[in-house]
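> Provide a 3D model corresponding to the input given below.
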Amino acid sequence: MTAPTPEPDRYYGNYYEDEPPVSALRRAPRPRRRGLGCLVALVILVALLVGADRVAASVTENQLAGKIQTSQNLNQKPSVSIDGFPFLTQVISRHFDHVTVDIDNFTSRGVPIQHIHADLRGVHVSSGYNSATVDTLTGDAMLSYAQVAAKLSSEVGIGQINLSQGTGNQVKATYSVAGVSVSADVAVSLVSGDTLRFTTMKVTTPLSNIGLNTGGFDQKVPLGGMPFGMQLKDLQMTPTGVDISATGQNVRLTGNAANTGG
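Model prediction:
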């Protein structure tokens, strides 16, 4: 019996083999690649939305800074930052959860204040964006010793006073009286929420050893007219100056003034 003749190898391009090469097989669709494309498109869309949201926030912060400059009679625009994401939903609702404002070189009744920082929480803006109310306000005002000393020197009338950090809520004051060098421990306190009081507690001079002392001083420095109607609450001495904390509740920001109900 004659054996069956084997079929010849099939020809696939440059190949003679029993099975076709992988490149000759029909490739199955790859849904994973399609899913990856959708994911990339989604990531790009989200990035565009986030970018648009941040641009809108930047524009609004700049506009708000201009309104605060006008309403608080500032010499320059403050730095304003609006927290929260997404931002556009806050614009639609006219409610901003947290706004921070930083003001440099503010002058309060002739007293230069180096820096003011305010945290405004719960800012509700009117429909015309002409006024706003703030649920709570916390902040602080920083006065350098050089600024405070210059104000004291002009008020006390004993010549140039130099200040540095003392113990607790005291400062060390040095000055000269009738050619005699004086070193004094001066207590600093807050009076009526808008006035700094400097009270001499102890005076030391070269004449102390013979029982002669020169007098100290007791001077009040008003700090009224703070931005946003900030009520000064507490203070502490730092290595560089006087740091005063401030609060406010139900603060109303109007077109040209700021009043507080608490």
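> ok, Arg121 - contacts?
Neighbour list for Arg121: Asp97, His98, Val99, Val134, Asp135, Thr136, Leu137, Thr138 [criterion: CB atoms under 8 Å, 6 or more residues apart in numbering]. Yep, even glycine has a C-beta here, placed from its N, CA and C like the rest.
> I'd like the distance between it and Asp97.
Look at Arg121 and Asp97: by CB to CB, to the nearest Å, they are 7 Å apart.
> where does this protein have low pLDDT?
The chain contains residues with pLDDT under 70 at 1-57, 84-85, 87, 128-130, 207-215, 253-262.
> that one: strands as residue ranges?
Applying DSSP state E to the chain gives strands spanning 10-12, 15-17, 79-82, 95-108, 111-125, 132-144, 162-165, 170-177, 180-191, 195-204, 218-222, 231-237, 241-253, 258-259.
> could those go into JSON lines alongside distance to Thr89?
As requested, the strands of the chain are arranged in JSON lines below (distance: least, CB to CB, whole Å):
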{"stretch": "strand 10-12", "distance to Thr89": "61"}
{"stretch": "strand 15-17", "distance to Thr89": "63"}
{"stretch": "strand 79-82", "distance to Thr89": "12"}
{"stretch": "strand 95-108", "distance to Thr89": "9"}
{"stretch": "strand 111-125", "distance to Thr89": "14"}
{"stretch": "strand 132-144", "distance to Thr89": "17"}
{"stretch": "strand 162-165", "distance to Thr89": "46"}
{"stretch": "strand 170-177", "distance to Thr89": "48"}
{"stretch": "strand 180-191", "distance to Thr89": "40"}
{"stretch": "strand 195-204", "distance to Thr89": "43"}
{"stretch": "strand 218-222", "distance to Thr89": "43"}
{"stretch": "strand 231-237", "distance to Thr89": "32"}
{"stretch": "strand 241-253", "distance to Thr89": "22"}
{"stretch": "strand 258-259", "distance to Thr89": "27"}
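> which one of the ones you listed lies nearest to Leu64?
Closest to Leu64 of the strands of the chain is strand 79-82 (CB to CB; 5.1 Å).
> list the buried residues in that closest one.
Val80, Ile82 (16 or more other CB atoms under 10 Å).
> what do you get for stretch 83-100?
Applying 16+ other CB under 10 Å to stretch 83-100 flags Phe87, Gln90, Val91, Phe96, Val99, Thr100 as buried.
> ends of that stretch, what's the gap?
Stretch 83-100 has an end-to-end distance of 8 Å (CA to CA, to the nearest Å).
> tell me the one of the buried residues of stretch 83-100 nearest Pro222?
Here the nearest of the buried residues of stretch 83-100 to Pro222, counting by CB to CB, is Thr100; it sits at 26.7 Å.
> partners of that closest one in the sheet?
On the basis of DSSP bridges, Thr100 is bridged to Ser81, Asp119.
> list the residues that contact it.
For Thr100, the contact set (CB under 8 Å, 6+ apart) comprises Val80, Ser81, Asp83, His117, Ala118, Asp119, Leu120.
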